Each structure stands twice: as structure tokens, then as C-alpha cells.
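1. coords below, sequence missing:
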């Protein structure tokens, strides 16, 4: 069974007809050519498919596209405004918070979600580690990721 | 209700902190935004053999056998298991809800009924495919926390193979009420040890009425051991008995510490 859904993806209104069993990740990548969210494990363990869905971080591999009808999706591609990188993206660059880069779009979206959820409260390193635990990095760039999120959190508080 | 919203709810945080703590001990931030109360309670086991369709599993395919009897056993039960199934229920929330005596509201073809949280999940027996007492066509529509019996002095501690984003080896939810320097009420539920959240009623009975100044670690451990007399372990699962005993002592110790302050 197919159904037409509407999404706003990185600021653009998009319409697509999908089989009702299609995940949001597959709808984005395979149907809408939005490839910033990555398919790592495809069953909710790695976090590389993380996007902001109506402002909150979600795993698109565990979300049916039809259940996101009408939603606003922001991927790592949509975080930069007018050619200026998001503070989280700047911090990832500054701290070399990646190696191969495959998990990075998910890490960045998750970090942006964390900064929204924590609403400027002081995050300890342990808080950041716990709150970023849904995003795995098989290269093990966690030291850089921790430093980047710490810096971005500080900038957001200012 | 999303798990993250429930964990952040001011009434839950104030009156049932054990529920908020259990929710935040589960999964990852992303998944907590997507997971729901009813869905969490009805999640299936994480037993690796249930997931691996190339191996026998009586829960997935009744009558095929149980690969966990011989294989990877870190998440196996030590209480209430059967020859047909030795797995545990993975929910943290269910353990906390069992400790606070929550009620599950169920709607079915014959109308609405309420199931105590402690009765929702079954022990496996010879029908491990049935996780719960829900019958065909029934749906969880709500979970009720007892408004007349809040648990402001309550806590949840989960022991895992890694610090975060892992299922419990064992977990303990506990609520403590003290009156006149005596334990007026204590409720303890264990996770990671059985096919359902395990209310440690024998341990509770032993601790009720104890003077708070006598409620030290040894007293809690002795009470836990009364419950653990029924434990069945082998060399792969024996670690869970001291782990749940010690974790129970840790949680009760923390709650008693709050009384002292």
C-alpha cells in the first residue's frame, strides 16, 4: 500500500509517495536524495541516521516515513544558515571530531539536539558522554567529539 | 506519551523519581524521544537466540527448543525460568512501575480492565511465546500511577556491561516510606533476573517494621537472600545473585541516607 506524505526537509517542502513500510531513512536517502543521514546498522543501535524531527533528535531507521507525515526534518546538511556553519559543526572542525566521517552527520544532529534539550544548563563531561551515548563512532574519535560538544555547549550558553 | 516526556514530567520527577530514573537508564536519547509507555512494556525479549532465526527458540517458534540453555547466558533469568525459556524482560520502566504498584489500563473487545503492573507479564512456563496476560485484540490505553500512594523516596539502579546504552544485567527499583523511625513500607522490584519484573515480596516482608537505625547493609542483604533462596543458577549466571543482593543494598542504603538528611 502506498501513501503520499509531505515533509519539510532542510527548509524545502517535499512530497513523496512511499510504501507504508518504508522507513524515514530510506524515504530520505533513496526517494528524496537526502543523503546526509547515513545507514549504519539500520536497527537503532548506531545513531548514524540521526536527524532532528520537529526539533528533536530521532533515529530515522526506526521511524516509518508515513508516521512522519507533515513533520519538519533537519539533517546535518540543513544546519548551516546562509553559508555559516552551525556552532556544533564549527566545533567538530576545530577539534577534528571525526576520522572517516560516516557517523559525523548523526553525531552533529545529536549534539544539536542535546544542546536544545539541556537548554543552556552546565553539562559535565560525563553528562555529555551519557547524552551522546546513542551515537557510535567506530573510528573511536570520541575524545574529539567530547571536546567539540563541550565547546559548542559553552558557546551556546554565552 | 514519549519516554523522554514522561521522564521530564514534573509530577513524575517529584512523586515517582524511580520511574524517571528507570526511563533515563534505558536506551539512548534518540530512542527515548520515540519510545512510548505502552510500547516499552510490550517490547519483546533481547535474547540473542530470539533474534537469531537460525537458532531454536521456543518464544519465537514454540516447540523448537531453547538455545540459551547452552549458549550465551548473560541476560538469562535466575528466578522463575522454565525448561522452555530462560530469558528476561528487558524493560527498565516495567521494573519501576512494578515497584510503585502501577495499574495498566487495557481496552479489549469486552471493554476496559485494569491489570496490576506486577501481573501484566507472565512467567514463561510452557508457553514462553506469551509475554503478557493480554489476550488477542487487547490494547494498553494508559498506565496509572497510584495518586494516593506516591513514592517520593524511591530510586532505580541499573548494572550493565557498559556504562550506557545497554540492557540490564540486573536492576533494582525500590520505594521506602518511614514513620516513627521505622520502615512503614518498602517495595522492591528486580529487573534482569526473570521473565517479568520480579517483586521481592519476601525481602519486603522481612524489612517492613525494621527500625531505620537497624536497616544497615547486612540487614538488606539478608532480606534479599530470603528472596534469592529460590534462585536457580549455573556457572554462567551465578554472578547475578551477589549482584542483585549488593545492588539492593546500594539502593536501600541510598534511600535510608535520604531519611537521615
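-> Good, I have the coordinates. Everything quoted here is computed from the prediction, not taken from an experiment.
2. contacts, neighbours, all on C-alpha from now
-> Noted.
3. Report the beta-bridge partners for residue B:172.
-> Under the criterion DSSP bridges, residue B:172 forms beta bridges with residue B:157, residue B:190.
4. shouldn't it be in contact with residue B:192?
-> No. Taking CA atoms under 8 Å as the contact criterion, residue B:172 and residue B:192 are not neighbours in contact, 9.0 Å apart.
5. dump the residue contacts of the nearest residue to residue A:59 once chain neighbours are set aside.
-> Spatial nearest neighbour of residue A:59, chain neighbours left out: residue A:50 (4.7 Å); criterion: CA to CA, 6 or more residues apart in numbering or on different chains. When contacts are counted by CA atoms under 8 Å, 6 or more residues apart in numbering or on different chains, residue A:50 touches A:37, A:57-60, A:75, A:105-107, A:109-110, B:30.
6. swap in residue A:70?
-> Counting by CA under 8 Å, 6+ apart, residue A:70 touches A:5-8.
7. Can I take it that residue B:118 is in a helix?
-> Yes. Residue assignment for residue B:118, taken from DSSP: H, G, I helix; E, B strand; the rest coil, places it within a helix.
8. Please tell me how far it sits from residue B:198.
-> Counting by CA to CA, to the nearest Å, the gap between residue B:118 and residue B:198 amounts to 8 Å.
9. Residues that sit against both of those two, list them.
-> When contacts are counted by CA under 8 Å, 6+ apart, residue B:118 and residue B:198 have residue B:98 as shared neighbours.
10. Show me which of the two is the more surrounded one.
-> Neighbours per residue (other CA atoms under 10 Å in any protein chain shown) separate residue B:118 from residue B:198, with residue B:198 holding more: 26 against 22.
11. What is the neighbour count of residue 82?
-> Defaulting to chain A. Taking other CA under 10 Å as the neighbour definition, residue A:82 ends up with a count of 6.
12. Can you look at chain B instead?
-> The local packing count at residue B:82 equals 16, with neighbours defined by other CA under 10 Å.
13. quick one on the thing from earlier: who wins for most neighbours among the contacts of residue A:70?
-> Taking other CA under 10 Å as the neighbour criterion, residue A:7 ranks highest of these with 20 neighbours.
14. That one contacts residue A:71, correct?
-> Yes. Distance between residue A:7 and residue A:71: 5.4 Å, which falls inside the contact criterion (CA under 8 Å).
15. What ranges does chain B have for its strands?
-> With DSSP state E as the criterion, chain B has strands at B:103-108, B:111-116, B:139-144, B:154-159, B:170-179, B:182-191, B:198-199.
16. model confidence over the last one, on average?
-> If you average the pLDDT over strand B:198-199, you get 98.
17. so what secondary structure elements neighbour that strand?
-> Counting contacts by 3 or more CA pairs under 8 Å, 6 or more residues apart in numbering or on different chains; DSSP states H and E, strand B:198-199 packs against helix B:93-99, strand B:182-191.
18. Give the pairing partners of that strand; include direction for each.
-> With DSSP bridges as the criterion, the sheet partners recorded for strand B:198-199 are strand B:182-191 (antiparallel).
19. and the angle from the strand it pairs with to strand B:170-179?
-> Angular relation of strand B:182-191 and strand B:170-179 on a 0 to 180 degree scale: 160 degrees, by axes from the mean of the first three to the mean of the last three CA atoms, to 10 degrees.
20. Now do the same contact list for residue B:177.
-> Residue B:177 makes contacts with B:151, B:153, B:183-186, as judged by CA under 8 Å, 6+ apart.
21. May I have the beta-bridge partners of it?
-> Beta-bridge partners for residue B:177, by DSSP bridges, are residue B:185.
22. those helices in chain A, which residues are they?
-> In chain A, the helices defined using DSSP state H lie at A:24-26, A:87-94, A:104-118, A:125-131, A:142-157.
23. ok, residue A:107 touching residue A:49?
-> No. Residue A:107 sits out of contact with residue A:49 when judged by CA under 8 Å, with a separation of 9.1 Å.
24. ok, which residues in chain A are in contact with chain B?
-> A:44, A:50, A:56-59, A:110, A:130-134 (CA under 8 Å from any CA of the partner chain).
25. Just give me the neighbour total for residue A:100.
-> By the measure other CA under 10 Å, the count of residues near residue A:100 is 10.
26. What residues does the residue nearest to it when sequence neighbours are not counted make contact with?
-> Nearest non-adjacent residue to residue A:100, counting by CA to CA, 6+ apart: residue A:139, 7.0 Å away. Shown in contact with residue A:139 (CA under 8 Å, 6+ apart): A:98-100.
27. for residue B:26, same thing?
-> Counting by CA under 8 Å, 6+ apart, residue B:26 has contacts B:32, B:91-93, B:165-167.
28. swap the cut-off to 7 Å and go again
-> B:92, B:165 (CA atoms under 7 Å, 6 or more residues apart in numbering or on different chains).
29. on that earlier part again, now the contacts of residue A:50 in JSON lines, with distance to residue B:206?
-> Converted to JSON lines, these look like this (distance: CA to CA, whole Å):
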{"residue": "A:37", "distance to residue B:206": "54"}
{"residue": "A:57", "distance to residue B:206": "45"}
{"residue": "A:58", "distance to residue B:206": "45"}
{"residue": "A:59", "distance to residue B:206": "45"}
{"residue": "A:60", "distance to residue B:206": "48"}
{"residue": "A:75", "distance to residue B:206": "55"}
{"residue": "A:105", "distance to residue B:206": "53"}
{"residue": "A:106", "distance to residue B:206": "50"}
{"residue": "A:107", "distance to residue B:206": "49"}
{"residue": "A:109", "distance to residue B:206": "50"}
{"residue": "A:110", "distance to residue B:206": "46"}
{"residue": "B:30", "distance to residue B:206": "41"}
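30. now, which of the residues you listed sits nearest residue B:78?
-> Comparing the contacts of residue A:50 against residue B:78 with CA to CA places residue B:30 closest, at 31.4 Å.
31. okay, and the helix or strand of the chain with the least pLDDT?
-> I went with chain A, as the question did not name one. helix A:142-157 (a mean of 94; mean pLDDT, DSSP states H and E).
32. Dump the helices of chain A into CSV; add mean neighbour count as well.
-> Below are the helices of chain A laid out as CSV (neighbours: other CA atoms under 10 Å in any protein chain shown):
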stretch, mean neighbour count
helix A:24-26, 24
helix A:87-94, 20
helix A:104-118, 24
helix A:125-131, 16
helix A:142-157, 19
